[in-house]
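Visitor: Here's my sequence, what's the structure:
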Amino acid sequence: MGDPIHVIHNESAHRFEVHVDNDTAALLYRREGGTITFVHTRVPEGIARHGIGSELVRTGLEFAKSQGLTVIPLCPFAAAYIRNHAEYLELVAEKFRQS
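Guide: This is a model prediction of the structure:
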């Protein structure tokens, strides 16, 4: 898996996704008004540990930033990504920021 990771925004399914062979990884979200809630990140075992989950979350955060959306990271993976990439903390709803 040395190829670049290509994330697709599947708006009708409310998810960002990556397709590798017969597997699909996805970051599921809900969008309501000016808020986007990251609900769940799923990366099948066969394609895990190649940075796909991180790229899904990064793409979702960049989308939120470009749209002026407030992020609610209910997904533990997305929340951990944000904790490790403080440049995205300003997008997160205040009550979901950790001190």
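
Visitor: Would you mind pulling up the elements that the helix or strand harbouring residue 27 packs against?
Guide: Residue 27 belongs to strand 23-32 when elements are defined using DSSP states H and E. The helices and strands touching strand 23-32, judged by 3 or more CB pairs under 8 Å, 6 or more residues apart in numbering; DSSP states H and E, are strand 15-20, strand 35-42, helix 52-67. C-beta coordinates here come from the backbone N, C-alpha and C atoms, glycine included.

Visitor: could you point out which element follows the last one?
Guide: Going back to what we said before, that points to helix 52-67. Per DSSP H and E, the first helix or strand lying C-terminal to helix 52-67 is strand 70-73.

Visitor: hmm, who's touching that following strand?
Guide: With CB atoms under 8 Å, 6 or more residues apart in numbering as the contact definition, strand 70-73 has outside contacts at 34-38, 61, 64, 79, 82, 88, 91-93, 96.

Visitor: Find the centremost residue of this structure, please.
Guide: Most central residue of the chain, judged by C-alpha distance to the mean C-alpha position with CA atoms, centre = their mean, is residue 57 at 2.4 Å.
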